[in-house]
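Student: sequence first, then the predicted structure:
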Amino acid sequence: MSLKLVGVTACISGVAHTYMAAERLEKLCLQEKWQVKVETQGALGVENVLSDSDIAQADIVLLITEIQLENSDRFTHSRCVQTGIHTFLRTPEKVMAAVKKIAASPQGTHIVLA
């Protein structure tokens, strides 16, 4: 199954974990042969901003955050998996399983992993 994902990573301090999660997501998607673009919201501000086109073309949105995201309403109508950074870094297989599960769901479906 070839998927196109967009993701947003953001942690409280906006430093290490934001970028660790982005890097881990990119590596996991590479292993799955999925396309991915990751926006980071960190100490340096918002980097690699997802365009409306990026979001519209994505099969799934993955929000890996510990804080309230800027412009989170952009993802309301997308298939979306949301989890915390620590959950993602500790159990990425759980998050990737949710991504595979939601791929067959209707647009607007949201899964929140604790």
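Tutor: Structure's in. What do you need?

Student: buried set for the helix or strand of the chain with the lowest mean pLDDT?
Tutor: Sorting the helices and strands of the chain by mean pLDDT, DSSP states H and E puts strand 45-47 at the bottom, at a mean of 90. By 16 or more other CB atoms under 10 Å, strand 45-47 has no buried positions at all. C-betas here are computed from N, CA, C, even on glycine.

Student: run through who's touching it.
Tutor: By CB atoms under 8 Å, 6 or more residues apart in numbering, the residues outside strand 45-47 that reach it are Glu39, Thr40, Glu70.

Student: hey, where'd the helices end up in the chain?
Tutor: Along the chain, counting by DSSP state H, helices occupy 16-32, 52-57, 85-90, 92-102.

Student: pull out the buried residues from the second one.
Tutor: Buried residues in helix 52-57, counting neighbours by 16+ other CB under 10 Å, are found at Asp54, Ile55.

Student: same check on the longest one?
Tutor: For helix 16-32, burial by neighbour count (16+ other CB under 10 Å) applies to His17, Thr18, Tyr19, Ala21, Ala22, Arg24, Leu25, Leu28, Cys29, Glu32.

Student: re earlier: reformat the helices of the chain as a markdown table; add mean pLDDT and distance to Val6.
Tutor: Formatted as a markdown table, the helices of the chain follow (pLDDT from 0 to 100; distance: least, CB to CB, whole Å):
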| stretch | mean pLDDT | distance to Val6 |
| --- | --- | --- |
| helix 16-32 | 95 | 10 |
| helix 52-57 | 97 | 5 |
| helix 85-90 | 95 | 15 |
| helix 92-102 | 95 | 12 |
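
Student: quick one on the thing from earlier: wait, which of the contacts of strand 45-47 is closest to Ala97?
Tutor: Nearest to Ala97 among the contacts of strand 45-47 is Glu39, at 22.9 Å by CB to CB.

Student: need the contact list for that closest one.
Tutor: Val6, Gly7, Val8, Thr9, Val46, Glu47, Asn48, Val49, Leu50.

Student: what's the answer for Ala21, then?
Tutor: Taking CB under 8 Å, 6+ apart, one finds Thr9, Cys11, Ile64, Ile85, Phe88, Leu89 in contact with Ala21.
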